[in-house]
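Asker: Let's see this in three dimensions:
(2 chains)
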Number of protein chains: 2
Amino acid sequence: MKVQNYRQVQTINAAPGVTMRVVAGPAEKAPTFVMRVFEIQSGSSTPFHAHPWEHEVFVLAGKGILKSDGKETPLMEDDAVVVLPNEKHSFLGIGKDVFRLICVVPLVNGKMPGTPATD
Amino acid sequence: MKVQNYRQVQTINAAPGVTMRVVAGPAEKAPTFVMRVFEIQSGSSTPFHAHPWEHEVFVLAGKGILKSDGKETPLMEDDAVVVLPNEKHSFLGIGKDVFRLICVVPLVNGKMPGTPATD
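Answerer: I've put the predicted structure just below:
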């Protein structure tokens, strides 16, 4: 069992203007999935890409846009998002505040999947 | 891909004074894990119990206590919690505001595990 404020966790520069903190994962011996907190500066985004694993996302603060194939969906606090495997997606920060969200991914072969770390 | 504000999702009475909303799971075709939002009234709690699957939790609002074997840990907004398989635990709401948290569990045989629904 482990409790930590997400701000105590080391930040990883996941993309320009995008940081990631792994708040629950292999370091805590989590066996199935990994919880990360992303902070996306206004005007910055994660790459527009797809991969074989899913995302489950919860928006904590700020405003953003979820880009998918042919569509842009506004996101705000308290929105939950499911991105299924192989769906193209990107999360873009907009507005004056940092766009902060939780993104959960499955472990793949016991590790957090993806290169770069934004996957 | 699906986007929804968690308040749009049907509430399930998970225990006295405790509601659960399944914001990402089998209904969204999520293949590996399930994201739920719990709202725990002050003085109410989830059962003190253990089960073979883990929890990854993120506190959204309010204050609470994580009870484990021989220990009580205060929880507040922005805390991340890992409860490993078979660790005894209970989440108790305290203070004046509703204690709101995300709790992610793995799918077991393609279903959200647990009876009652608070597991």
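
Asker: Could you check stretch A:50-69 and say which residues are buried?
Answerer: Using 16 or more other Cβ atoms under 10 Å in any protein chain shown as the burial criterion, the residues of stretch A:50-69 that qualify are A:51, A:53-60, A:62-68. (Glycine included, C-beta is placed from N, CA and C.)

Asker: What of stretch A:99-110?
Answerer: Buried residues in stretch A:99-110, counted by 16+ other Cβ under 10 Å: A:99-107.

Asker: Narrow those residues to those in helices?
Answerer: Applying DSSP state H to the buried residues of stretch A:99-110, no entry is found in helices.

Asker: Just the closest of the residues you listed to chain B, please.
Answerer: When the buried residues of stretch A:99-110 are compared for distance to chain B, the smallest value, 4.2 Å, is given by residue A:106; criterion: Cβ to the nearest Cβ.

Asker: any idea what sits nearest that closest one, other than its immediate chain neighbours?
Answerer: Closest residue in space to residue A:106, ignoring its immediate chain neighbours: residue B:32 at 4.2 Å, by Cβ to Cβ, 6 or more residues apart in numbering or on different chains.

Asker: What of residue A:92?
Answerer: Taking Cβ to Cβ, 6+ apart, and ignoring the residues beside it in sequence, residue A:92 has residue A:45 as its nearest neighbour in space, at 3.9 Å.

Asker: Am I right that the one you found is in contact with residue A:94?
Answerer: No. Judged on Cβ atoms under 8 Å, residue A:45 makes no contact with residue A:94 at a distance of 9.6 Å.

Asker: Between the two, tell me which one has more neighbours.
Answerer: The neighbour comparison of residue A:45 against residue A:94 (other Cβ atoms under 10 Å in any protein chain shown) goes to residue A:45, with 21 against 17.

Asker: before we move on, the earlier item: for residue B:106, see how far away the residue nearest to residue A:92 is.
Answerer: 29 Å (Cβ to Cβ, to the nearest Å).

Asker: now residue A:85
Answerer: Residue A:85 sits at a distance of 16 Å from residue B:106 (criterion: Cβ to Cβ).

Asker: Over to residue A:110?
Answerer: Distance from residue A:110 to residue B:106, by Cβ to Cβ: 14 Å.

Asker: if I pick the spatially most central residue of chain A, what's in contact with it?
Answerer: Against the mean C-alpha coordinate of chain A, by Cα atoms, centre = their mean, the closest residue is residue A:103 at 3.7 Å. For residue A:103, the set of contacting residues under the criterion of Cβ atoms under 8 Å, 6 or more residues apart in numbering or on different chains consists of A:35-38, A:55-57.

Asker: Just the ones of the residues you listed in strands?
Answerer: Members of the contacts of residue A:103 lying in strands (criterion: DSSP state E): A:35-38, A:55-57.

Asker: Tabulate those in TSV, adding columns for pLDDT and distance to residue B:10.
Answerer: Formatted as TSV, the entries for the ones in strands among the contacts of residue A:103 read as follows, by pLDDT from 0 to 100; distance: Cβ to Cβ, whole Å:
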residue	pLDDT	distance to residue B:10
A:35	98	24
A:36	98	28
A:37	98	27
A:38	98	28
A:55	98	23
A:56	98	18
A:57	98	20
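
Asker: Show me what the closest residue to residue A:25 other than its chain neighbours is bridged to.
Answerer: When the adjacent residues along the chain are set aside, residue A:25 lies closest to residue A:34, with 3.9 Å between them (Cβ to Cβ, 6+ apart). Using DSSP bridges, the beta-bridge partners of residue A:34 come out as residue A:105.

Asker: My read is that residue A:34 contacts residue A:24, right?
Answerer: Yes. Checked against Cβ under 8 Å, the pair residue A:34 and residue A:24 is within contact range at 6.7 Å.
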